[in-house]
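> turn this into a model:
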Amino acid sequence: GGTASALNAGIDVMTGEWFKWLSDDDILEKDAIYDLINTAKLYENRSDYIFYSNQNLIDRNGTVIGEVIESNHNNLTNFQQGVLLLNKHFGNPNSSLMHKSIFKKCGFFNENIGYYEDHEFWLRCVLLFNCKLILVPKKTLRYRIHSGSLSSTKLVYRFEKHIVINS
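Take a look at the predicted model:
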């Protein structure tokens with residue numbers, strides 16, 4: 001059924017309070033959950049926010065080869081964030097954290113689009129349900145880049161951010 005189907009199946013049976021997306025070839029940094037949850041606790045209505053962070057880029061062996069520093073759009077209105085999202089995705093879903101109540105409010109991931117299910121979900125949350133994307137300005141993820149990943153060919157197009165590859 002694809003990524004959206006797998007995510008929805010997990011969300012449907014989750015018993016915890018928070019949803020954390022992580023692809024099988026990526027690695028969370030040591031304090032990732034702590035950093036994300038502590039930031040999320042600063043916001044009252046948790047169904048109104050999607051939290052995301054900066055990342056280290058790693059190769060197939062797990063060696064850090066660069067970093068992704070996200071553009072900070074925290075001070076923008078929901079409308080302004082929505083306009084940006086219509087033009088280009090920001091925020092890596094693998095670095096994201098969401099309260100389970102956001103799915104009751106905004107629905108699940110669209111299983112019919114095949115790719116960019118996170119982008120469509122974030123657009124829907126921001127534009128239709130007045131949610132906001134919040135950057136946690138820490139690196140919580142080691143995002144793997146290799147020849148077999150969609151990221152290796154789509155990274156620059158997909159994400160609006162500052163990417164530095166070590167040489």
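> helix or strand next in line after the lengthiest helix in the chain, which one?
Of all segments of type helix in the chain, defined using DSSP state H, the longest is helix 2-13. Remark: after helix 2-13, the chain's next helix or strand is strand 18-20, criterion DSSP states H and E.
> packing partners of that following strand?
Strand 18-20 sits against helix 32-40, strand 97-99, with contacts defined as 3 or more Cβ pairs under 8 Å, 6 or more residues apart in numbering; DSSP states H and E. No exception for glycine: its C-beta is placed from N, CA and C like everyone else's.
> tell me the buried residues in the longest helix of the chain?
T3, A4, L7, N8, I11 (16 or more other Cβ atoms under 10 Å).
> now, among those residues, which is nearest to V83?
A4 (24.5 Å; Cβ to Cβ).
> pretty sure the closest one is touching N110, no?
Yes - between A4 and N110 there is a contact at 6.0 Å, judged by Cβ atoms under 8 Å.
> what sits in contact with each of those two?
Applying Cβ atoms under 8 Å, 6 or more residues apart in numbering, one finds that A4 and N110 are jointly contacted by E117.
> any low-confidence regions in the chain?
Along the chain, segments meeting pLDDT under 70 span 147-167.
> and with 50 instead?
By pLDDT under 50, the weakly predicted segments of the chain are 151-153, 156-160.
> can you point me to the longest strand in it?
Secondary structure of the chain per DSSP state E: the longest strand is strand 132-144.
> that one vs helix 32-40, what angle?
170 degrees (axes from the mean of the first three to the mean of the last three Cα atoms, to 10 degrees).
> any idea how far strand 132-144 is from the chain center?
Chain-centre distance of strand 132-144: 7 Å, with Cα atoms, centre = their mean, to the nearest Å.
> before we move on, what about stretch 32-46?
Taking the mean of its C-alpha atoms, stretch 32-46 sits 14 Å from the chain's own mean (Cα atoms, centre = their mean).
> quick revisit: let me have the buried residues of helix 2-13 in JSON lines, extended by distance to K105.
Converted to JSON lines, the buried residues of helix 2-13 look like this (distance: Cβ to Cβ, whole Å):
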{"residue": "T3", "distance to K105": "21"}
{"residue": "A4", "distance to K105": "18"}
{"residue": "L7", "distance to K105": "16"}
{"residue": "N8", "distance to K105": "15"}
{"residue": "I11", "distance to K105": "13"}
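> mind checking how far R60 is from D25?
R60 is 8 Å from D25, where distance means Cβ to Cβ, to the nearest Å.
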